[in-house]
Structures are given as C-alpha cells and as structure tokens.
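Engineer: I'd like to go over a predicted model; first the sequence, then the structure.
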Amino acid sequence: MKENEIVEALKKENEEFRKLSEEHRDLDTQLAEMDTKRYLSPEEELERKRIQKLKLLRKDRMAELVSEYKKTNVTN
C-alpha cells in the first residue's frame with residue numbers, strides 16, 4: 001500500500017487523523033496568508049513561528065499514525 005493510499009484510508013477511518021489533517025491544512029492557509037505580506041510586525045512574526053510549530057506537531061503526529069497503520073495493516 002502506498003503512502004498516499006494509507007493517508008486516504010486514515011482520513012476515512014481515523015477521526016484523529018482527519019482532524020489533524022484539517023488543522024494542518026488550516027494552519028498552512030494561515031501561513032500562506034501571512035506570507036503575502038511584505039513586512040510582518042514582531043507580534044506577527046511570533047504568531048507565524050507559533051503557527052509553524054503547531055503545523056509541524058500535527059504533521060509529526062500524522063506521520064506517527066501512518067507508521068502505526070503500516071505496522072498493523074500492511075503485510076510485507
């Protein structure tokens with residue numbers, strides 16, 4: 001089973017993964033909006049860093065769930 005197939009299966013079967021995926025996408029959208037600005041205030045810079053960290057935490061957790069799925073559902 002390919003990685004993208006596992007991701008799609010988890011989106012359908014796993015509520016936590018689905019929620020993490022949606023949050024990751026929303027955070028990505030927020031970052032994209034911030035990146036359209038020519039200049040960020042110090043407060044906006046801090047917020048941008050906070051959003052990046054949250055996005056990375058979600059991505060890491062989704063990777064853990066994919067790894068767990070591979071261990072339990074994919075036979076070699």
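Structural biologist: Cool, got the structure.
Engineer: And the helices in this structure, which stretches?
Structural biologist: Taking DSSP state H, the helices of the chain run over residues 3-13, 15-35, 42-73.
Engineer: Save these as TSV, and put in mean pLDDT and mean neighbour count too.
Structural biologist: Glycine gets a C-beta too; all of them are placed from N, C-alpha and C. TSV is the format used below for the helices of the chain (pLDDT from 0 to 100; neighbours: other Cβ atoms under 10 Å):
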stretch	mean pLDDT	mean neighbour count
helix 3-13	93	13
helix 15-35	97	14
helix 42-73	96	13
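Engineer: Quick one: residues contacting Ser67.
Structural biologist: Ser67 makes contact with no residue, according to Cβ atoms under 8 Å, 6 or more residues apart in numbering.
Engineer: what comes into contact with stretch 40-50?
Structural biologist: With Cβ under 8 Å, 6+ apart as the test, stretch 40-50 has contacts from Leu31, Met34, Lys37.
Engineer: try it again with 10 Å
Structural biologist: By Cβ atoms under 10 Å, 6 or more residues apart in numbering, the surrounding residues in contact with stretch 40-50 are Leu27, Gln30, Leu31, Met34, Asp35, Lys37, Tyr39.
Engineer: Turn those into JSON lines, including distance to Thr72.
Structural biologist: Shown next, in JSON lines, are the contacts of stretch 40-50 (distance: Cβ to Cβ, whole Å):
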{"residue": "Leu27", "distance to Thr72": "28"}
{"residue": "Gln30", "distance to Thr72": "33"}
{"residue": "Leu31", "distance to Thr72": "33"}
{"residue": "Met34", "distance to Thr72": "38"}
{"residue": "Asp35", "distance to Thr72": "38"}
{"residue": "Lys37", "distance to Thr72": "44"}
{"residue": "Tyr39", "distance to Thr72": "48"}
